[in-house]
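**Student:** Sequence and computational prediction follow.
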Amino acid sequence: MADPDVSSQSGGYDVELFVETPDYDLICTICQGVLRCPVRAACHHIFCKKCILQWLKRCRQQTCPCCRKPVNQSLIFVMFKLGKAIGRLKIKCKNEIRGCPDTLALSEQYCHSMSCLFELIPCPYQGCRAQLLRRDLEAHARHCEHWRQPCHMGCGTVLSHRTQAQHNCYRQLRQEYEARQRNHRVIAVALQRKMRRMQSTMAHMKRQIGLICESLEVMDDLEEVEEEELGDNSGSGSFSSSSNSSS
Ligand SMILES: [Zn+2]
Ligand SMILES: [Zn+2]
Ligand SMILES: [Zn+2]
Ligand SMILES: [Zn+2]
Ligand SMILES: [Zn+2]
């Protein structure tokens, strides 16, 4: 039936990948894997697209590997619905062996591998040959001697772990200086406001004192006047009373 040479090259999904053993109907006769991009020939047999095209390329008679009926390459139809149903089958993460416990839909495999913490990836820093699990990347980056990053202050200096500690960034110094300046300005404005308030309080107090002094002077004057009047009145009073008594 299936040519071993062809099946070794072609494209179904490894049966071992699936959480539950896939239905026999979903197995490609050519590669013995689960159908990847399933297509149906005129004889109704279904194969991975890649598998049947490679089969037809190699076999001169252009016949179905299952029933030997002739297969016309232009009469092969992609089975989208079946492809989608297969995409919904649950698989284990391919990094299960490295510790990933996740199961996911077959169609999410690519997305998952982009974020799987157990995916083996090369260190992203140029010149580093280390291969590591994604979850270890951060710890590795802290020590990787090929680690390079532009200064976060935006001064344009590219730093390594060695130069980072010694980097005396002019931007940072300027920013700190400007922050201090701003702080001083705020304090100066607050002091000025306080001074103006004190000045106005003092002016108010001066006015009050002035008024008090004025009223004291007025009272003095009044007292003087009263005293004078009292002096006059006592003389005339005694006079008048004596005149009253004499009459
Ligand atoms: Zn196949
Ligand atoms: Zn057939
Ligand atoms: Zn994973
Ligand atoms: Zn590295
Ligand atoms: Zn800098």
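**Tutor:** Received, thanks. Ligands and ions are numbered 1, 2, ... in the order given.
**Student:** Distance check, Asp14 against ligand 1.
**Tutor:** According to Cβ to the ion, to the nearest Å, Asp14 and ligand 1 sit 11 Å apart. C-beta: built from backbone N, CA, C; applies to glycine.
**Student:** my guess is Lys94 meets Tyr110, correct?
**Tutor:** No: the pair Lys94 / Tyr110 is not scored as a contact, 10.9 Å apart, by Cβ atoms under 8 Å.
**Student:** Between the two, which has more neighbouring residues?
**Tutor:** Per other Cβ atoms under 10 Å, whichever of Lys94 and Tyr110 has more neighbours is Lys94, with 16 against 8.
**Student:** Okay, that one and ligand 3: tell me how far apart.
**Tutor:** From Lys94 over to ligand 3 the distance is 7 Å, taken as Cβ to the ion.
**Student:** and that residue, what does it touch?
**Tutor:** Applying Cβ atoms under 8 Å, 6 or more residues apart in numbering, we find Lys94 in contact with 17, 109, 113.
**Student:** Give me the buried subset of these.
**Tutor:** Taking 16 or more other Cβ atoms under 10 Å as the criterion, what is buried in these is 17, 109, 113.
**Student:** Check what pLDDT the second one gets.
**Tutor:** Pointing back at Gln109 there. Per-residue pLDDT puts Gln109 at 93.
**Student:** Tell me who's in contact with the spatially closest residue to it that is not a sequence neighbour.
**Tutor:** For Gln109, ignoring the flanking residues on the chain, the nearest one in space by Cβ to Cβ, 6 or more residues apart in numbering is Ile91 at 6.7 Å. Going by Cβ under 8 Å, 6+ apart, Ile91 touches 13, 17-19, 103-106, 109.
**Student:** could you flag which of those residues are buried?
**Tutor:** Among the contacts of Ile91, the ones that count as buried (16+ other Cβ under 10 Å) are 13, 17-18, 104, 106, 109.
**Student:** coming back round to it: return the distance of the residue nearest to Gln109 relative to Leu104.
**Tutor:** According to Cβ to Cβ, to the nearest Å, Ile91 stands 6 Å off from Leu104.
**Student:** Same check on Gly11?
**Tutor:** Going from Gly11 to Leu104 by Cβ to Cβ gives 20 Å.
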